[in-house]
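Student: need coordinates for the following:
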Amino acid sequence: MDEELFLKAASSGRVEEMKEILRSNPAVDVNWTQDLSKWSPLLRACHKGHNSVTELLLAHPDINVNHKHENGGTPFMMTCYYGSTGCARLLLKDPRVLVNEPYDDRETPLWWASRGGHLDIIMLWIASGREMDLGMPEDERTDAIGMAKKNGKTEVVALLERFKSDAAQIRYEVRVELGLLDEAAAEVFALVVFVSDGLLQIKDAASSAARFFSIARRLPLELQMGLCYRQVGSDKEIIPGKESEVAFKELARLW
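Tutor: Numbers count the residues shown, from 1 in each chain. Model prediction:
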C-alpha cells in the first residue's frame, strides 16, 4: 500500500523515496495515518526533525498542515516539543499553520518550547512576526514565562519578558542577530535596481515607496546600497566591493 510506504519513508527521512511514490501515484493520501494514534507523515517528519521531508510535504496541495494526532498535537507543536528547529523555520513561514494551536485546549506550542528551553525556535518565531501567545500569568498550562522559570531556562525567560514589554524592539533585535535584516536590505536594493532599469513601474507616483525609489535610483550604487540598509533598520556600515555590486545586480535580474 503506497500510503503505508509513504508514511514509513516520511518517518525515516527518505525524501527521494517519497518523491518516487508521488510520481508513481499522484493520488496518494499525504495525510494518511496507520492507526488510532493519527500520526500523519508531516507529524512524524516534524517529530524526527526531517527538514527535507517537511519541505516536500508543505509544498503538496493536499497537505493538512494542522493535522492533529490522538492527543491533539499539531506538526508545529511537535517542533516546539522536540526542538526541531529546521522544521519550525519552515512551518513559521507557512501562513496556513496555526502556531498557537494548543493541545486540545491545554498547553500551547510556546509553552512546550519554553519548557524545553528551545531558544532558537522562539527567536525564529519572534523574527517571523507571527502572533505569539505567552499565555496567562500563573496558569500552569499556558504561562510560557512561568514554565521557563520553573525549568531554569533563564535565557528564554529573559527574552520572553523583554518581548512582552516591547515586542517591536525585540523583534528588530532578534532579526539583526539572525541576519534577517541583511536579507531584507538585499531585497530592497534589488527593487531599486528594478526601478532604475525600468523593469518595475510604481503605479502611485505620490506614494512613499515612489518617493524613496525616485531618490535612491539617482544615487551612486554604493550610496543606494547604504540607503537600502538604513531603510530596513540595519546598523551595519556597508562598504560594497565590486563582487557585491555584481551579486546585487544579478539578484535583481532573477527577482
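Student: what sits against residue 80?
Tutor: Contacts for residue 80 (C-beta atoms under 8 Å, 6 or more residues apart in numbering) come out as 88, 109, 110, 112, 113, 116, 118, 121. Where C-beta positions appear, they are placed from N, C-alpha and C, glycine not excepted.
Student: of the residues you listed, closest to residue 143?
Tutor: Taking C-beta to C-beta as the measure, residue 143 sits nearest to residue 110 out of the contacts of residue 80, at 9.9 Å.
Student: pretty sure that closest one is touching residue 130, no?
Tutor: No - contact criterion C-beta atoms under 8 Å: residue 110 and residue 130 do not qualify, at 10.7 Å.
Student: more crowded one of the two?
Tutor: residue 110 (28 against 15; other C-beta atoms under 10 Å).
Student: could you give the mean pLDDT of the host helix or strand of that one?
Tutor: Taking DSSP states H and E as the definition, residue 110 sits inside helix 109-116. Across helix 109-116, the average pLDDT comes to 96.
Student: distance between that helix and the chain's centre?
Tutor: Centroid separation for helix 109-116 versus its chain: 17 Å, with C-alpha atoms, centre = their mean, to the nearest Å.
Student: could I get the CA-only coordinates of that helix as CSV?
Tutor: This file holds the C-alpha atoms of helix 109-116, laid out as CSV (Å, rounded to 0.1, in the frame of the first residue of the first chain):
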residue,chain,number,x,y,z
PRO,A,109,3.4,25.3,21.4
LEU,A,110,5.2,28.2,23.1
TRP,A,111,4.7,26.6,26.5
TRP,A,112,6.4,23.5,25.3
ALA,A,113,9.2,25.4,23.6
SER,A,114,9.8,27.4,26.8
ARG,A,115,9.7,24.2,28.9
GLY,A,116,12.3,22.6,26.7
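Student: what's stretch 36-45 in contact with?
Tutor: 6-7, 10-11, 13, 18, 30-33, 47, 50, 53-54, 57-58, 63-65, 67-70, 73-75, 78, 87.
Student: okay, how far is it across it, tip to tip?
Tutor: 18 Å (C-alpha to C-alpha, to the nearest Å).
Student: any figure for the gap between residue 30 and residue 18?
Tutor: 9 Å (C-beta to C-beta, to the nearest Å).
Student: and these two? which has more neighbours close in?
Tutor: residue 18 (27 against 22).
Student: go ahead and confirm that one touches residue 10.
Tutor: Yes - between residue 18 and residue 10 there is a contact under C-beta under 8 Å: 6.2 Å.
Student: OK, contacts around residue 78?
Tutor: Residues near residue 78 by C-beta under 8 Å, 6+ apart: 43, 46, 47, 84, 87.
Student: buried subset of the residues you listed, written for PyMOL?
Tutor: Selection of buried members from the contacts of residue 78 for PyMOL, criterion 16 or more other C-beta atoms under 10 Å:
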select buried, resi 43+46+47+84+87
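Student: in helices only, show me the contacts of residue 78.
Tutor: Mapping those onto helices (DSSP state H) picks out 43, 46, 47, 87.
Student: overlap in contacts of residue 30 and residue 18?
Tutor: 6, 41.
Student: can you list the weak-confidence ranges in the stretch 1-150 of the chain?
Tutor: Residue ranges of the stretch 1-150 of the chain with pLDDT under 70: 105.
Student: show me where it has its helices.
Tutor: 2-12, 15-24, 41-48, 51-58, 75-82, 85-92, 109-116, 119-128, 144-150 (DSSP state H, counting those that start in this stretch).
Student: so which of the ones you listed comes closest to residue 138?
Tutor: Comparing the helices of the stretch 1-150 of the chain under C-beta to C-beta, the one sitting nearest is helix 144-150, at 6.2 Å.
Student: tell me what the closest one is packed against?
Tutor: helix 109-116, helix 154-165 (3 or more C-beta pairs under 8 Å, 6 or more residues apart in numbering; DSSP states H and E).
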